[in-house]
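**Q** I'd like to go over a predicted model; first the sequence, then the structure.
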Amino acid sequence: MLEQIQETASFIKAKMHTVPETTVILGSGLGKLVDELTDTYVIDYKEIPNFPVSTVEGHSGRLIFGRLGGKNIMAMQGRFHYYEGYTMKEVTFPVRVMRELGIKTLFVSNAAGGTNPTFEIGDLMIITDHINFFPEHPLRGKNISYGPRFPDMSEAYDRTLIARAKEIAKTHGITVREGVYIGTQGPTYETPAEYRMFARWGADAVGMSTVPEVIVANHCGMKVFGISVITDLGVEGKIVEVNHEDVQRAADAAQPRMTTIMREMIQ
Ligand code: HPA
């Protein structure tokens, strides 16, 4: 495993002519940030040795290097979801490669269903914490020496970055919520009973990604900042049929606000 990670990192390093300190993983319908990058260069996932192979034809995904807010960053356009059939090792492989590339901070975004009754569709939620409800733990198996066997998770989402994001949102007049994200395997959206259960467990939003990547980033000693875009509501009385298109549309509408926060944070 470690050998594969190092082989992949060496391949990417040989193609890199900037040194990014931050990586941004862009969630469904949240890829617009990439349009703001300057001096870009791209590596297709399919060129990268050991990188998981995409299950969706024509959408292999790519690493985009460039400058944003005066900083060098690397963006992952396209992530690997557990529901697609990838193993947890595959889902989180890119994060371990980032660690080998010397990346210190991980920004993540996702689309999520709101379980907090005060939330509205289109809200941005700064992720303050998460609940891991995936059926397999990404650190299961032999421990990789990047971190301890039993990693601490008391501050999975960096408090200083959260405070900074709130300041930025205020300055730009952007309303933000804060809350706990619960990660589930999908690919079904939730039944009303499941949404209710997650809310009672203390979750404010539910989605099908992010948690495995954030766990591995913490194990690697990286700082994490995350934003969920609330694309539908799993709140009693407000539950309507959810489909991917509606989720995409709501994510798209929230993108400019999310991009502003991410850009200023990186700066
Ligand atoms: N549930 C799970 N994942 C999601 C949802 C949801 O309601 N909305 C967007 N991703």
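**A** All right, it came through fine. Numbering: from 1, shown residues only.

**Q** make it CA atoms for all contacts and neighbour counts henceforth
**A** Will do.

**Q** tell me which residues in stretch 197-205 are buried?
**A** Under the neighbour-count criterion of 16 or more other Cα atoms under 10 Å, stretch 197-205 has 198-199, 202-205 buried.

**Q** Give me the distance between the helix or strand hosting residue 229 and the centre of its chain.
**A** Using DSSP states H and E, the element containing residue 229 is strand 223-233. Remark: strand 223-233 is offset 8 Å from the chain centroid, using Cα atoms, centre = their mean, to the nearest Å.

**Q** Any chance you could list what contacts it?
**A** 104-115, 119-127, 156-158, 161-162, 205, 214, 217-218, 239-240, 242, 246-248, 250-251, 254, 258 (Cα atoms under 8 Å, 6 or more residues apart in numbering).

**Q** change it to 6 Å
**A** 105-114, 121-127, 157-158, 239, 247, 250 (Cα atoms under 6 Å, 6 or more residues apart in numbering).

**Q** that older thread, can you name the two of the buried residues of stretch 197-205 that are farthest apart?
**A** Pairwise distances across the buried residues of stretch 197-205 peak at 9.3 Å for 202 and 205 (criterion: Cα to Cα).

**Q** ok, the most centrally placed residue in the chain - contacts?
**A** Against the mean C-alpha coordinate of the chain, by Cα atoms, centre = their mean, the closest residue is residue 108 at 3.0 Å. Contact analysis of residue 108 by Cα under 6 Å, 6+ apart lists 24-25, 226.

**Q** if we go to 8 Å?
**A** Contacts of residue 108 (Cα under 8 Å, 6+ apart): 24-27, 210, 224-227.

**Q** Between which two of those residues is the distance greatest?
**A** 27 and 224 (15.0 Å).

**Q** Using CSV, write out the CA atom coordinates for stretch 73-80.
**A** What follows is stretch 73-80, C-alpha atoms only, in CSV (Å, rounded to 0.1, in the frame of the first residue of the first chain):
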residue,chain,number,x,y,z
ILE,A,73,-3.5,24.8,-5.0
MET,A,74,-4.5,21.4,-6.4
ALA,A,75,-8.1,20.6,-7.0
MET,A,76,-9.6,17.2,-7.4
GLN,A,77,-12.4,17.3,-9.9
GLY,A,78,-14.2,14.1,-9.3
ARG,A,79,-14.1,12.1,-6.2
PHE,A,80,-14.5,8.4,-5.5
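
**Q** Quick check: residues of the stretch 1-150 of the chain near the ligand?
**A** 111-113 (Cα under 6 Å from any ligand atom).

**Q** Select from those residues every entry located in strands.
**A** 111-113 (DSSP state E).

**Q** Could you count how many residues lie near residue 209?
**A** When counting by other Cα atoms under 10 Å, one arrives at 27 neighbours for residue 209.

**Q** just the CA coordinates of stretch 141-154, formatted as CSV?
**A** Extracted C-alpha coordinates of stretch 141-154, given in CSV (Å, rounded to 0.1, in the frame of the first residue of the first chain):
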residue,chain,number,x,y,z
GLY,A,141,-6.4,-3.0,8.4
LYS,A,142,-2.7,-2.7,8.9
ASN,A,143,-1.8,0.8,10.2
ILE,A,144,0.1,3.0,7.8
SER,A,145,2.8,4.9,9.7
TYR,A,146,1.3,8.3,8.7
GLY,A,147,-0.4,8.4,12.0
PRO,A,148,-1.2,6.4,15.1
ARG,A,149,-3.2,3.1,15.2
PHE,A,150,-5.9,4.8,17.2
PRO,A,151,-6.1,8.4,15.9
ASP,A,152,-7.7,11.2,17.9
MET,A,153,-10.8,12.7,16.3
SER,A,154,-11.6,15.5,18.8
